[in-house]
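S.K.: I need the structure of the sequence given here:
(one chain, ligands or ions: 1)
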Amino acid sequence: MTRRRVALVTGGAKGIGKAITEKLAVAGFSVAINYNTSEQAAFDLVAKLQSRGVNALAVKADVSDFNAVKRMYDECRAYFGFVDTLVNNAGISLIKPLYECTEADFDRVIAVDLKSVFNTCRIFTPDMTSEGFGRIVNVSSVWGEYGGSTETLYSAAKAGVIGFTKALNAELARGGVIVNSVSPGFINTSMNAELCEADVAAFLESVSVGRVGSPEEVAEAVEFLTRENLYVAGANLSVNGGIL
Ligand code: NAP
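M.R.: Predicted coordinates:
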């Protein structure tokens, strides 16, 4: 790492986000850990990283709320001076047949999983463009690529994230701000806690390596896409064990 780096990881206190935060900290980043409800987990992670000499800050914001993201930006700027790396990891899932989905379900899933990416990118990228350097990694999903039965709203939001990523990269990459996405498959986190063993086994039938993935395996891919020397741009990296 030749320059000082500061990353904001949304939903960075638990699950995949926590693994990303820890991976980036090991890589030499200072880290802003966004949380919405997991306050204790965020503060515990800050304490753990600080004990290792990492410059870390916990920042609360509902990323679906534009003004809350603006306040988070102000906090990060005041504490670190700048943020050159944005990992849009925060997300919610919704497993429900379409005929049961309400308008409120649609609004919520699109707001948290897609509008959040607009909010953070809209607010954080002008500084990156001014500096001529930035890295953005958006966390999509295997369902954004393939479409998941009974996950229509989630799949639509995550497909939107992939389109947003490609378009924003086309707009910003010549100015040094590179945007990519990762699309995890079945990863062992609380997001999948509701699934029964039969559901998991059925999904694994279509995974070539025949096992679920770990948050750390997603974090490896994200860390790669934050590197200074990067010839991968506007890409969507599938981290799904190989869908058959
Ligand atoms: P998780 O353990 O349920 O964590 C979700 C994270 O998102 C939490 O840190 C949560 O923060 C944050 N979050 C949710 N709503 C938020 C909001 N309105 N504002 C700010 N933060 C919010 O799930 P995960 O598996 O780690 O998922 C992380 C990402 O990977 C998501 O985008 C998910 O769609 C994607 N993904 C996961 C899988 C999988 O199999 N697990 C597969 C494909 C894609 P708080 O706890 O602080 O509220």
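
S.K.: pLDDT of the longest strand belonging to the chain, averaged?
M.R.: The single longest strand within the chain, with elements called by DSSP state E, is strand 177-184. What strand 177-184 shows for mean pLDDT is 99.

S.K.: Next one: the residue nearest the centre of the chain from T189, what distance?
M.R.: Taking C-alpha atoms, centre = their mean, the centroid of the chain lies closest to N89, which sits 1.8 Å from it. Using C-beta to C-beta, to the nearest Å, we find N89 at a distance of 11 Å from T189. Backbone N, C-alpha and C define where each C-beta goes, glycine included.

S.K.: what does T129 give?
M.R.: From T129 to T189 the distance is 33 Å (C-beta to C-beta).

S.K.: hmm, back to that, now for N89 and T189: what residues contact both?
M.R.: I16 (C-beta atoms under 8 Å, 6 or more residues apart in numbering).

S.K.: What's the first helix or strand after the helix or strand of the chain with the lowest mean pLDDT?
M.R.: Counting by mean pLDDT, DSSP states H and E, the chain has its least confident helix or strand at helix 197-204, which shows a mean of 93. Per DSSP states H and E, the first helix or strand lying C-terminal to helix 197-204 is helix 215-225.

S.K.: ok, which residues in this structure are in contact with the ligand?
M.R.: 10-11, 13-17, 34-38, 62-64, 89-93, 112, 139, 141-142, 184, 186-187, 189-192 (C-beta under 6 Å from any ligand atom).

S.K.: Of those, keep whichever come out buried.
M.R.: Buried subset of those (neighbour count, 16 or more other C-beta atoms under 10 Å): 10-11, 13-17, 34-36, 38, 62-64, 89-93, 112, 139, 141-142, 184, 186-187, 189, 191-192.

S.K.: Do a quick rundown of the helices in this protein.
M.R.: Under the criterion DSSP state H, the chain contains helices at 15-27, 39-51, 66-80, 103-110, 116-131, 142-146, 152-172, 197-204, 215-225.

S.K.: got the contact list for the second one?
M.R.: Put plainly, it is helix 39-51. Residues outside helix 39-51 that contact it (C-beta under 8 Å, 6+ apart): 12-14, 18, 21-22, 25, 31, 33, 35, 56-58, 60.

S.K.: I'd like these as TSV, with pLDDT appended.
M.R.: Formatted as TSV, those follow (pLDDT from 0 to 100):
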residue	pLDDT
G12	98
A13	98
K14	98
K18	98
T21	99
E22	98
A25	98
V31	99
I33	99
Y35	99
A56	98
L57	98
A58	98
K60	98
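
S.K.: Pipe those residues into TSV and attach distance to L153 per row.
M.R.: TSV is the format used below for the contacts of helix 39-51 (distance: C-beta to C-beta, whole Å):
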residue	distance to L153
G12	24
A13	25
K14	22
K18	25
T21	27
E22	30
A25	33
V31	30
I33	27
Y35	23
A56	33
L57	32
A58	29
K60	26
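
S.K.: and those residues, which of them are in strands?
M.R.: Mapping those onto strands (DSSP E) picks out V31, I33, Y35, A56, L57, A58, K60.

S.K.: wait, what's in contact with the second one?
M.R.: Contacts for I33 (C-beta under 8 Å, 6+ apart) come out as V9, G12, A13, T21, A42, L45, V46, A56, L57, A58, V59.

S.K.: Check the burial of the first one by counting its neighbours.
M.R.: Using other C-beta atoms under 10 Å, V9 is surrounded by 32 other residues.

S.K.: doesn't A19 make contact with it?
M.R.: No. Using C-beta atoms under 8 Å, V9 makes no contact with A19, being 9.7 Å away.

S.K.: where does this protein have low pLDDT?
M.R.: Within the chain, no stretch falls below the threshold (pLDDT under 70).

S.K.: repeat that with 90
M.R.: Along the chain, segments meeting pLDDT under 90 span 1-2, 194-195.

S.K.: hmm, what's the outermost residue in it?
M.R.: Y99 (28.8 Å).
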